[in-house]
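Student: Quick one: sequence plus predicted model below, questions after.
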Amino acid sequence: MPEIQSLIDANVRSQSYFVARASTRCWHCKSLTRVLALALPRGHETLDPDAAEAWHYANVNALIFFVERLTEDVRSRLDGLSQYYRVSRRSATQSAYWANHCEHCGEVLGDHELHCELDGAFMPSSETAASNIQLLRIQEPFEASAAGYSFEPEFFEFVPRS
């Protein structure tokens, strides 16, 4: 198995990962647009922010968001899957993070609305809504720095996998 590329400020890592794909309505132009997110399988690791170099095994699935940094291999893979998931700047802090952009108008679709609001593209409220998300498993190492982490997302077991 290939080695995980090392990011100096990584706080999540795994030997594989998922790309979650869904559609949502753009709140700017109101068109239906495709979005993606990153998910980690059981067995990934998280860095304890209070203990230097203390990685912890996570026996849960997780979605990550407000992703600030990705390895070059993961960035290349994502570039091949969507030209609309790319680096953007948060207006409040001017920090850079990976964000979805509407495929029609190009506006940023914020991670808060997609991941933290009930019935956001990646926060379904039912089995039926969860079945509209698709998971593509990538059998490659993953490492990232992410500010958002949702463990055992609701209805995750109903999301179709390919």
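Tutor: In hand now; what should we look at? Numbers count the residues shown, from 1 in each chain.

Student: Show me where the chain has its strands.
Tutor: 12-14, 17-25, 32-40, 44-47, 55-58, 62-70, 85-89, 96-101, 108-109, 134-138, 142-151 (DSSP state E).

Student: Report the angle between the longest one and strand 96-101.
Tutor: Looking back up the chat, that one is strand 142-151. 70 degrees (axes from the mean of the first three to the mean of the last three Cα atoms, to 10 degrees).

Student: Give me the buried stretch members for strand 142-151, please.
Tutor: For strand 142-151, a neighbour-count test (16 or more other Cβ atoms under 10 Å) marks 142, 143, 144, 145, 146, 148, 149, 150 as buried. C-beta coordinates here come from the backbone N, C-alpha and C atoms, glycine included.

Student: The last one touches residue 65, doesn't it?
Tutor: So that's residue 150. Yes: using Cβ atoms under 8 Å, residue 150 and residue 65 qualify as a contacting pair, with a distance of 7.4 Å.

Student: list residues touching both of those two?
Tutor: Common contacts of residue 150 and residue 65, defined by Cβ atoms under 8 Å, 6 or more residues apart in numbering, comprise residue 115.

Student: if we can go back for a sec, between the buried residues of strand 142-151, which is nearest residue 131?
Tutor: residue 150 (18.4 Å; Cβ to Cβ).
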